[in-house]
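Undergrad: got a predicted structure here, sequence first:
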Amino acid sequence: MYEPRTYRHWVKAQDLISFDIVVKETDLYIRASTNLRRKAYKLVLKYRDILERYIERHPTFLTSLEPISVDDDAPRIIKAMAQSTARVGIGPMASVAGAIAEFVGNELLVFSPEIIVENGGDIYLKSLRERLVGIYAGESPLTGKIGLKINGEDTPLGICTSSGTVGHSLSYGKADAVIALSKSAIVADAAATAIGNLVTQANDIPDGIEFAKGIEGLSGVIIIKDDSMGLWGEVKICQTSA
């Protein structure tokens, strides 16, 4: 069943032009200074083709729930996914949404000084000004009440969310939301998944925070379970409204 992605409008960026790109399972919501729909569509096809061709030759890349090694001559996106997920002990496809967002967004920067690519709750953000990112945490009473302030000078930045109660992505935990921040959206995506796997109740939040502190390349994390929240690192929380 399709779930309306109302959270897509929780990144405040009315000054930018928005458009959607949908190719099979890939569903991107992109904002830029100009309409880059055609260029973005070609980039999505490009990176999906790279992934699909690699998976045809190496099917375990798709199915493994544990880290796997790849050859030195593997495509850059494949190596980035394998390396990022290996840091946290999970399978490479756990970072696919962040990878598509980052690789597409990075190439679009040639044509627009500001780019926001959202892919199923995982965001690649490059901004010249402060942005407010609303936090969606399902049925948690904190949903719509708090947001992240992101300074333009801190971007490009990956802001990725994993949930054990929202959506269809695989999670062994029950966190309403784990939001991970990193210069790499691929690292942030992998980290959010791995941290989320550890949180089944509010009492697990401190363990999730401790695990986050040891992840190379992670700059901050927010963990939400019911009405409880834990923070670590370079995160700036503010009150907001949905």
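TA: Received, thanks.

Undergrad: show me how far stretch 29-40 is from its chain's centre.
TA: Put simply, stretch 29-40 sits 19 Å off its chain's centre (CA atoms, centre = their mean, to the nearest Å).

Undergrad: pLDDT score for the residue in the chain sticking out farthest from the centre?
TA: Here the chain reaches farthest from its C-alpha mean at R57, the gap being 26.4 Å by CA atoms, centre = their mean. For R57, the model assigns a pLDDT of 96.

Undergrad: now it: how far from S95?
TA: Per CB to CB, to the nearest Å, R57 is found 19 Å from S95. The way it works is simple: take the backbone N, C-alpha and C, and place the C-beta from them, glycine included.

Undergrad: chain center to the helix or strand of the chain with the lowest mean pLDDT: distance?
TA: When each helix and strand of the chain is scored by mean pLDDT, DSSP states H and E, strand 237-239 comes last, with a mean of 86. On the basis of CA atoms, centre = their mean, the separation between the geometric centre of strand 237-239 and that of its chain is 20 Å.

Undergrad: what lines up beside that strand in the sheet?
TA: Strand pairing for strand 237-239, using DSSP bridges, gives strand 146-150 (antiparallel).

Undergrad: what's next to the partner strand, contact-wise?
TA: Strand 146-150 is contacted from outside by 10, 125, 127, 130-135, 157, 159, 179, 222, 229, 235-240, using CB atoms under 8 Å, 6 or more residues apart in numbering.
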